[in-house]
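Enquirer: Here you go, sequence then predicted model.
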Amino acid sequence: MITNERNIMKLEKIFLKIIAVLFLLINIAYATEPPETWYFYKVSKNTVLGGEPTFERERLIYRYWQTKLTITDKEVVIDKACTIPEGAMNEIVTPLSYWKSPEQVEKYQKIFSEEKIPLENQIQIIKNNLNDKDSPCSKKDFTDLIKTGNFMVFMTKRGYLVIFSKNLEKDRLSSATYRGLNQPLNLLGHPMLSDKKIVKKINKECDYPDDGYYEYDSYNKCPLTELGIYFASVINKLDAEKEYSFENNKDKYYFTRNQIKEFEYEIYLNIEKNNKLIDRLPIYKENILESAAFIQYYYIDNEFKNIWLLNYVGDDSTHDIEKWRHYKIDNTGHFKLLESISCEHRNRKGIVKCHNG
């Protein structure tokens with residue numbers, strides 16, 4: 001009898017150990033479960049509040065187009081820049097209980113439908129309770145996240161939807177390309193500048209003030225919109241890399257930056273032969289004043305044989321081109337001007353007169 005009791009006790013201990021191991025394995029499995037990653041997809045064309053699209057949409061696109069969300073059961077990490085800690089998360093509600101009135105639900109259903117995003121009968125809410133205004137994750141910018149279907153959405157204060165998708169990153173812009181963002185980033189500049197017809201197009205399409213108050217269509221049609229978004233990314237990458245150089249035989253081409261004032265600087269293309277500086281040319285310029293902004297963009301071909309420069313000015317009344325130039329780098333390593341176009345400031349009739357030379 002005693003032997004049987006001992007055997008039973010041994011079996012109970014073994015059973016308890018097995019249960020403990022199973023619990024441990026389950027906890028490890030959950031702890032090591034890969035986080036969900038959501039890639040920026042698009043910004044809604046319209047707002048819940050109504051009205052025409054504005055520059056705010058372009059700003060949101062530029063701000064978030066490379067952003068991704070990493071979500072676990074404890075936190076939301078926004079592009080490794082900041083973290084929304086565990087709080088009132090994973091709350092499942094109906095659209096009516098969340099937006100409080102049928103009228104509000106109808107407004108959101110309309111805008112979700114326009115973007116072909118399903119607004120399901122049950123939505124998951126991830127609340128953002130951060131009140132720190134200095135935090136990049138402050139709820140001033142990141143409102144509650146709404147999970148519906150395969151999409152994660154947050155609304156801005158002005159009523160735009162910023163939409164993230166679980167699709168692969170390479171497909172995230174499949175249904176929405178944005179000016180300046182779908183162009184592959186090249187530190188050698190933008191190929192648009194190699195066509196001198198761009199001067200006439202900019203002078204025609206960019207007659208709007210540089211003070212933030214203008215019609216969305218004018219802003220969207222203007223090639224300077226794409227160039228501005230594109231070169232902002234180029235300059236950020238150049239600043240991060242500190243030095244960018246290219247070597248061809250014994251020739252070396254490299255960029256240097258010259259800070260003139262707080263809001264004025266230039267980037268030079270330098271040419272060296274046999275470790276000796278032969279020539280240099282300012283290819284990018286930025287001078288921001290209270291009354292106007294003076295910008296110079298560039299494009300260098302892959303062989304480092306041709307360079308195109310475009311200078312424009314934007315003030316509180318309009319944008320127009322100042323100069324367009326085409327340089328060639330000769331066999332001695334010097335810059336030679338091949339062609340140039342100079343323009344006068346836009347007159348009262350909205351016309352910009354340009355001439356060669």
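Expert: Received the coordinates, thanks. Numbering: from 1, shown residues only.

Enquirer: hey, let's count contacts and neighbours off CA atoms from now on
Expert: Noted.

Enquirer: Do a quick rundown of the strands in the stretch 251-357 of the chain.
Expert: For the stretch 251-357 of the chain, the strands defined by DSSP state E, counting those that start in this stretch occupy 251-261, 264-273, 276-288, 292-300, 306-315, 319-329, 335-343, 354-356.

Enquirer: hey, C-alpha coordinates of the second one in PDB?
Expert: The C-alpha coordinates for strand 264-273 follow below in PDB (Å, rounded to 0.1, in the frame of the first residue of the first chain):
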ATOM      1  CA  GLU A 264      21.900  80.000 -46.200                       C
ATOM      2  CA  TYR A 265      24.300  77.300 -47.500                       C
ATOM      3  CA  GLU A 266      25.800  75.800 -50.700                       C
ATOM      4  CA  ILE A 267      26.900  72.400 -51.800                       C
ATOM      5  CA  TYR A 268      29.900  72.200 -54.100                       C
ATOM      6  CA  LEU A 269      30.900  69.500 -56.600                       C
ATOM      7  CA  ASN A 270      34.700  69.300 -56.500                       C
ATOM      8  CA  ILE A 271      37.000  67.600 -59.100                       C
ATOM      9  CA  GLU A 272      40.400  66.200 -58.200                       C
ATOM     10  CA  LYS A 273      43.100  64.800 -60.500                       C
END
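
Enquirer: out of the strands of the stretch 251-357 of the chain, nearest to residue 128?
Expert: Counting by C-alpha to C-alpha, residue 128 lies closest to strand 276-288 out of the strands of the stretch 251-357 of the chain; the figure is 36.3 Å.

Enquirer: Give the buried residues for the closest one.
Expert: 279, 280, 281, 282, 283, 284, 285, 286, 287, 288 (16 or more other C-alpha atoms under 10 Å).

Enquirer: can I get the residues you listed in a markdown table with distance to residue 49?
Expert: Putting the buried residues of strand 276-288 into a markdown table (distance: C-alpha to C-alpha, whole Å) gives the following:
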| residue | distance to residue 49 |
| --- | --- |
| 279 | 55 |
| 280 | 52 |
| 281 | 49 |
| 282 | 46 |
| 283 | 43 |
| 284 | 40 |
| 285 | 39 |
| 286 | 36 |
| 287 | 36 |
| 288 | 33 |
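
Enquirer: Report the two of the residues you listed separated the most.
Expert: Longest distance between any two of the buried residues of strand 276-288 is 27.2 Å, between 279 and 288; criterion C-alpha to C-alpha.

Enquirer: Pull the contacting residues for the spatially closest residue to residue 44 that is not a sequence neighbour.
Expert: In space, residue 44 comes closest to residue 161 once its chain neighbours are excluded; the distance is 5.2 Å by C-alpha to C-alpha, 6 or more residues apart in numbering. Residues in contact with residue 161 (C-alpha atoms under 8 Å, 6 or more residues apart in numbering) are 43, 44, 47, 153, 154, 155.

Enquirer: one more time with 6 Å, if that's ok
Expert: For residue 161, the contact set (C-alpha atoms under 6 Å, 6 or more residues apart in numbering) comprises 43, 44, 154, 155.

Enquirer: Next step: the residues you listed restricted to strands.
Expert: Assigned to strands by DSSP state E, the following of the contacts of residue 161 qualify: 43, 154, 155.

Enquirer: most surrounded residue in the residues you listed?
Expert: residue 43 (23 neighbours; other C-alpha atoms under 10 Å).

Enquirer: pretty sure that one is touching residue 165, no?
Expert: No. Assessed by C-alpha atoms under 6 Å, residue 43 is found out of contact with residue 165, at 11.7 Å.

Enquirer: domains in this structure, as residue ranges please.
Expert: 36-167, 191-356 (automatic domain parsing).

Enquirer: ok, residue 107 - contacts?
Expert: Residue 107 touches nothing, counting by C-alpha under 6 Å, 6+ apart.

Enquirer: Let me know the helix or strand that it is in.
Expert: If you go by DSSP states H and E, residue 107 is part of helix 102-114.

Enquirer: tell me how far stretch 230-249 is from the chain's mean position?
Expert: Taking the mean of its C-alpha atoms, stretch 230-249 sits 17 Å from the chain's own mean (C-alpha atoms, centre = their mean, to the nearest Å).

Enquirer: Output that stretch as PDB, nothing but the C-alphas.
Expert: Only the C-alpha atoms of stretch 230-249 are listed here, as PDB (Å, rounded to 0.1, in the frame of the first residue of the first chain):
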ATOM      1  CA  TYR A 230      12.700  65.100 -53.800                       C
ATOM      2  CA  PHE A 231      15.600  67.400 -52.900                       C
ATOM      3  CA  ALA A 232      14.600  67.500 -49.300                       C
ATOM      4  CA  SER A 233      15.200  63.700 -49.200                       C
ATOM      5  CA  VAL A 234      18.500  64.100 -51.200                       C
ATOM      6  CA  ILE A 235      19.900  66.700 -48.800                       C
ATOM      7  CA  ASN A 236      18.900  64.700 -45.700                       C
ATOM      8  CA  LYS A 237      20.700  61.700 -47.100                       C
ATOM      9  CA  LEU A 238      23.800  63.800 -48.000                       C
ATOM     10  CA  ASP A 239      23.800  65.200 -44.500                       C
ATOM     11  CA  ALA A 240      23.600  61.700 -43.000                       C
ATOM     12  CA  GLU A 241      26.400  60.300 -45.200                       C
ATOM     13  CA  LYS A 242      28.700  63.300 -44.500                       C
ATOM     14  CA  GLU A 243      30.700  62.600 -47.600                       C
ATOM     15  CA  TYR A 244      29.800  61.400 -51.000                       C
ATOM     16  CA  SER A 245      32.400  60.700 -53.700                       C
ATOM     17  CA  PHE A 246      32.800  59.000 -57.100                       C
ATOM     18  CA  GLU A 247      36.000  58.000 -58.700                       C
ATOM     19  CA  ASN A 248      36.700  57.500 -62.400                       C
ATOM     20  CA  ASN A 249      40.200  56.400 -63.400                       C
END
